[in-house]
Structures are given as structure tokens and as C-alpha cells.
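**Q** only geometry, no sequence info:
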């Protein structure tokens with residue numbers, strides 16, 4: 001009769017850091033992408049209501065947050081709509097600019113690195 005084999009005894013394992021003869025490629029460290037701020041600029045023609053609507057629809061702000069940002073744009077000349085990766089920021093700017101143009105507003109947006 002064959003006796004079942006016993007599992008090896010557990011003890012401190014001696015394992016080299018790297019085995020010889022095996023090429024190991026180091027993975028580069030993952031960096032978080034640089035963020036860019038989307039700025040709304042004040043003008044004399046774009047309505048405050050439209051700016052609030054844009055902030056709610058395109059930047060996922062609450063009505064209260066959107067109103068605060070709109071007032072900052074109105075009083076300081078610009079306000080930060082949000083911070084995003086470059087592609088995301090540029091996409092949001094394009095969508096808002098297209099909507100503003102369709103509504104007849106000259107709303108100016110810009111993107112700057114944080």
C-alpha cells in the first residue's frame with residue numbers, strides 16, 4: 001500500500017530575492033496625472049443664470065456651489081469650475097463653448113495647469 005505523502009514542513013523559507021538567469025524588468029512607478037483648472041471668465045453679455053446652468057450641467061455642481069462660483073466670476077473676473085486631467089478639461093471647455101455659442105453667449109473659458 002502506498003502511504004500518502006506528507007506536505008513539507010512549514011518553516012522559514014529561504015528564497016533568494018532574484019533567481020539567477022531570469023531577466024526581470026522593473027515597472028516604472030505610476031504617477032498621478034497632472035491636473036488642469038477650468039476657468040470661467042466674466043463678460044458683460046452672458047447671463048448669470050446661464051453660467052449657473054453650465055456649472056450644474058457640465059461640471060456637476062450643486063445649485064448652491066454654481067451660484068457661489070458664478071458670483072466669484074462676476075466680482076473677481078474669473079472663477080474655477082473644476083480641476084481635471086488635461087483631456088477632460090479640454091473636452092468640458094469645448095462642450096460648454098459649443099453650448100454658449102448655440103445660446104448666443106460669448107462665454108469665455110480657459111484651461112491652466114494647477
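**A** Sure, I can see it. From a predicted model like this one, the values you see are computed outputs, not experimental measurements.
**Q** without its sequence neighbours, what residue ends up closest to residue 100?
**A** Nearest in space to residue 100, with sequence neighbours left out and distances taken as Cβ to Cβ, 6 or more residues apart in numbering, is residue 107 at 3.9 Å. (Each C-beta comes from the backbone N, C-alpha and C, glycine too.)
**Q** count the residues that sit near the one you found.
**A** Using other Cβ atoms under 10 Å, residue 107 has 21 other residues around it.
**Q** do the same with residue 63
**A** So residue 63, with other Cβ under 10 Å, has 11 neighbours.
**Q** need the nearest residue in space to it, chain neighbours excluded.
**A** In space, and not counting its chain neighbours, residue 63 is closest to residue 56: 6.2 Å by Cβ to Cβ, 6+ apart.
**Q** following the one helix or strand that neighbour maps to, which helix or strand comes up?
**A** For residue 56, the host element (DSSP states H and E) is helix 48-59. Per DSSP H and E, the first helix or strand lying C-terminal to helix 48-59 is helix 63-76.
**Q** so what's the residue positioned nearest the centre of the chain up against?
**A** Centroid-nearest residue in the chain: residue 84, 3.3 Å away (criterion: Cα atoms, centre = their mean). By Cβ atoms under 8 Å, 6 or more residues apart in numbering, the contact list for residue 84 reads 35, 36, 38, 92.
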